[in-house]
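In: Quick one: sequence and predicted model below, then my questions.
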Amino acid sequence: MKLENEAALDNLIICYQCYTLHEEVPIKDGSKACCSECGGILYRYDTKLVDHGLALSITGLIFFVLANSFSLIQMDILGTKQFITIPKTILSLFENGFYLVGFLVGFLIFIFPLMIFLINILLFTLLKFKRGEKTTKELLILLAHIKPWSMADIFFISLLVALVKLVAFGQIHIGIAFWTLMVFVMY
Ligand SMILES: [Zn+2]
């Protein structure tokens, strides 16, 4: 069934926050239309969206690599210095026989986040060159499946909790990777 004046409805947009009805008007490139009642964003027009997305994904990947290669924290316990990195933590779980935990942690804080960055980069590259529509669709579905399983943010919070407890045992120095991880989690 088609309504007779359906086309007229296409020009209307409802604010997601306060449900005020607005009429859609053309806006300048790089700008956004805001709700006149509550100021919420109604829509944006950005021809550089793909470029920005690609740049952000690559930046994210760089921070992810940094977060994994530098020491997360450095501990002085009874005079011995211990440097802790994310891959080291995962490896030591395996070495100590915690195979299941090591496997889970490896996927949740390393493999899945890494996959998300790579898929994002691939997606934006495909969009930029307007190629592989079918692949783009499959990648988006894959991304939707992986996203709930990427738990770097939860890892960061548990790390904070663990840090507070560890302070009681010895001196703790927060490494570069700790800050890069924070940037990566916020991204
Ligand atoms: Zn509104």
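Out: Nice, I can see it. Residues are numbered from 1 along each chain as shown.
In: CA only for contacts and neighbour counts going forward, please
Out: Will do.
In: what's next to the one helix or strand Leu114 maps to, contact-wise?
Out: Assigned by DSSP states H and E, Leu114 belongs to helix 112-128. Contact with helix 112-128 is made by 50-51, 53-54, 57-58, 60-61, 64, 132, 136, 139-140, 143, 146-147, 149-152, as judged by C-alpha atoms under 8 Å, 6 or more residues apart in numbering.
In: Might you report the residue contacts of Cys34?
Out: Gly40, Ile41, Leu42, Tyr43.
In: How is this structure divided into domains?
Out: 6-45, 49-186 (automatic domain parsing).
In: Now the weakest link among those, please, by mean pLDDT.
Out: Of all the domains of the chain, mean pLDDT reaches its minimum on domain 49-186 (a mean of 79).
In: residues in the protein within reach of the ion, list them.
Out: The chain comes close to the ion at residues Cys15, Cys18, Cys35, Glu37, Cys38, as judged by C-alpha under 5 Å from the ion.
In: Just put those in a markdown table and tack on secondary structure and neighbour count.
Out: Formatted as a markdown table, the residues of the chain next to the ion follow (DSSP: H, G, I helix; E, B strand; the rest coil; neighbours: other C-alpha atoms under 10 Å):
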| residue | secondary structure | neighbour count |
| --- | --- | --- |
| Cys15 | coil | 19 |
| Cys18 | coil | 12 |
| Cys35 | coil | 20 |
| Glu37 | coil | 12 |
| Cys38 | coil | 12 |
